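[1] Quick one: sequence and predicted model below, then my questions.
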Amino acid sequence: MKKNIILSFHPDYFRPILYGIKKYEYRKSFSKESVRAYLYLTKPVSEFIGILELDKPQNPIDIKSMFYENSTINERMAICIENKERAIVPIESFQLFKNPISVAAIKNMDINFTVPRAFSYIDNHELLNFLEGQETFEKEFVHSHESIFEDNIGVMCSEMEKSEEFIQKDKEFMDSDKANLIKSGYLTRQ
């Protein structure tokens, strides 16, 4: 059974995850096992917006060794290593909450609550019961990580946002009712 965490995430890097284009998350430190992450978008959004299912992290040094003949992946992994990103976390799926939850609402339940800088475990915490009870949409996507997505691993969000796939999915999302759920100027910028 997966452990549960709160994962803090900057809004500027959210859309490639939302659209299922970003298949890996990169962290300097992370859980050593698969987790269910309740995604918190940091300021200016400051809301819990959904659930990410994340697989067991991989080490960029190990990936670099596996793909020693692939210069593109080796270059990307060298950047990860240089940036001290020790965990490459496969993203399995994402579900949006039908009603995002503000930090203020959480603090009304638990005055001692503080948002983690990176992540924190919430098993055996009242907050988990509350978050599990939130109504969600169907999963936006599901990825099988039986093998590594060679064309995606180590790719920067800024690169992903230039792809035709991103442009198409961005237009579809912005034209949907879900676009109004997330109060981020980032989501409406061009």
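    Yep, it's here.
[2] tell me what the longest strand along the chain is packed against?
    Ranked by residue count, the top strand of the chain under DSSP state E comes out as strand 87-102. Judged by 3 or more Cβ pairs under 8 Å, 6 or more residues apart in numbering; DSSP states H and E, strand 87-102 is in contact with helix 15-18, strand 24-27, strand 47-54, strand 141-142. Glycine gets a C-beta too; all of them are placed from N, C-alpha and C.
[3] Which among the ones you listed is found nearest to Ser163?
    Between Ser163 and the helices and strands packed on strand 87-102, the tightest spacing by Cβ to Cβ is seen for helix 15-18, at 9.1 Å.
[4] just how off-centre is the closest one within its chain?
    Taking Cα atoms, centre = their mean, to the nearest Å, the mean C-alpha location of helix 15-18 is offset from the chain mean by 8 Å.
[5] Give me the average confidence score over it.
    Across helix 15-18, the average pLDDT comes to 95.
[6] which residues sit against that helix?
    9, 22, 25, 52, 91, 94, 96, 140, 157, 160-161, 166, 170, 173, 186-187 (Cβ atoms under 8 Å, 6 or more residues apart in numbering).
[7] Can you tell me which of these is nearest Phe113?
    Nearest to Phe113 among the contacts of helix 15-18, counting by Cβ to Cβ, is Phe9 at 17.2 Å.
[8] Give the rounded mean pLDDT of stretch 166-182.
    Across stretch 166-182, the average pLDDT comes to 90.
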